[in-house]
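Undergrad: Quick one: sequence and predicted model below, then my questions.
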Amino acid sequence: MSMFIALDHNGRLTTIDKASRGLACQCYCASCGEPVIARKGLIREHHFAHHSNKDSCFIQRESLLHLYAKEVIRDALGLQLPPEPGIVPSSADPTSWWDFEGVEEEVPQWGFQPDLVAQLKDGSQLFIEVAVTSFIGDEKLERIKQAGTRTIEIDLREQLFTQHAIPSEAVKNAILKQTKNKAWIFPEPPAIFLPTSQAWQSPESPSQPMLQPEAKFSEQRFTIMGMWVSVRTLPSGSIAVRSWSYNPQITELLKSWRNQLGGEYNPKYRNWIYHLHAKEEVMARLQGMNQSL
């Protein structure tokens, strides 16, 4: 296993082809932080090696994406963002570029630590979370809401499965300029519900079409560990499961079911999505744990 990427003396990602030979590269391992040597001989493939001669570290693409995202946002001093909740966007350009006065990493807040804190030109702040495989959970979300600071989450999991090098212009553009992979965490997007009179129509009102029971507005509630847990059926047949109050035990339970049965966590709506093939099993488990019977 060889290392082809390291951190330079400024803490920026660099590739072996850009590094000076030997210790003159002034680079460090992107995984453990130890000094590395740029080995650029005539026989073996060029690579970085630990100065201590220990085995090469395995640097996961997830970690590189996380490091690179923070680097390019610091450099660009800005991001292209989707419309902020409650703000009516321009019809000509529904997205907008946000300029930053400065960007700091890992600035501790009360009870949590955002990946980046951007200083905006109006004197306010924007918290930026970079997600690849780990997304904002319920507890952190509550802390963000208590802080009352605008927060955006960038979802880079798609970049895990591309052939784009890190660093590269393609990945840089996905971080800075794409908006489909960015979601507002705070302020929260308003929930959209149909009035009950529209969501369900009586058979005695043939002039109004009835929605099927599988419509996305149908909901069941269970009492699990003393907490309300709601289940909504989505148009795809998948179900969205959410605890109404934060409970670490319920969070871990739903997370373990996600790991066993497949699915995903949706930080935007703070729910766990289980796909159609797992629906019956999840519903059976919730029914078995239901304390409101």
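TA: Structure received.
Undergrad: So Asn266 is in contact with Arg258, correct?
TA: No - judged on Cβ atoms under 8 Å, Asn266 makes no contact with Arg258 at a distance of 11.0 Å. Backbone N, C-alpha and C define where each C-beta goes, glycine included.
Undergrad: Which one of the two is surrounded by more residues?
TA: In this view Asn266 and Arg258 are compared by other Cβ atoms under 10 Å, and Arg258 has more residues nearby, 18 against 14.
Undergrad: where along the stretch 151-293 of the chain do the helices fall?
TA: 169-176, 196-199, 248-261, 279-289 (DSSP state H, counting those that start in this stretch).
Undergrad: Tabulate those helices in CSV, adding columns for mean pLDDT and distance to Arg74.
TA: Output for the helices of the stretch 151-293 of the chain, formatted as CSV (pLDDT from 0 to 100; distance: least, Cβ to Cβ, whole Å):
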stretch, mean pLDDT, distance to Arg74
helix 169-176, 95, 11
helix 196-199, 40, 46
helix 248-261, 86, 31
helix 279-289, 91, 41
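Undergrad: and these, which is most packed in?
TA: Each of the helices of the stretch 151-293 of the chain was scored by mean neighbour count; the highest is helix 169-176, a mean of 17, by mean count of other Cβ atoms under 10 Å.
Undergrad: counting contacts, what elements does it pack onto?
TA: helix 61-76, strand 78-81 (3 or more Cβ pairs under 8 Å, 6 or more residues apart in numbering; DSSP states H and E).
Undergrad: So what angle separates the directions of that helix and helix 61-76?
TA: 70 degrees (axes from the mean of the first three to the mean of the last three Cα atoms, to 10 degrees).
Undergrad: Give the intersection of the neighbour lists for Asn266 and Arg258.
TA: Trp272 (Cβ atoms under 8 Å, 6 or more residues apart in numbering).
Undergrad: about what we covered before: any chance of the helices of the stretch 151-293 of the chain in TSV, with distance to Arg143 too?
TA: Putting the helices of the stretch 151-293 of the chain into TSV (distance: least, Cβ to Cβ, whole Å) gives the following:
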stretch	distance to Arg143
helix 169-176	24
helix 196-199	34
helix 248-261	13
helix 279-289	27
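Undergrad: wait, which of those is closest to Leu116?
TA: The closest of the helices of the stretch 151-293 of the chain to Leu116 is helix 169-176. By Cβ to Cβ, the value is 11.4 Å.
Undergrad: hmm, who's touching the closest one?
TA: 65, 68-69, 72-73, 76, 78-80, 154, 156, 158-159, 162, 164-165, 181.
Undergrad: hmm, 7 Å instead?
TA: Outside helix 169-176, the residues that touch it by Cβ atoms under 7 Å, 6 or more residues apart in numbering are 68-69, 72-73, 76, 79-80, 154, 159, 164, 181.
Undergrad: unless I'm mixing things up, Ala6 is touching His46, no?
TA: No - using Cβ atoms under 7 Å, Ala6 makes no contact with His46, being 11.9 Å away.
Undergrad: of those two, who's got more company?
TA: Ala6 (26 against 15).
Undergrad: Next up, the contacts around the more buried one.
TA: Ala6 touches 14, 27-30, 36, 48, counting by Cβ under 7 Å, 6+ apart.
Undergrad: Just want the phi and psi numbers for the closest residue to Ser238 other than its chain neighbours.
TA: Of all residues beyond its chain neighbours, the one nearest Ser238 is His275 (4.9 Å), with distances taken as Cβ to Cβ, 6 or more residues apart in numbering. Dihedral pair for His275: phi -80, psi 170, per degrees, to the nearest 10.
Undergrad: Tell me which residues touch His275, please.
TA: Taking Cβ under 7 Å, 6+ apart as the test, what His275 contacts is 238, 262-263.
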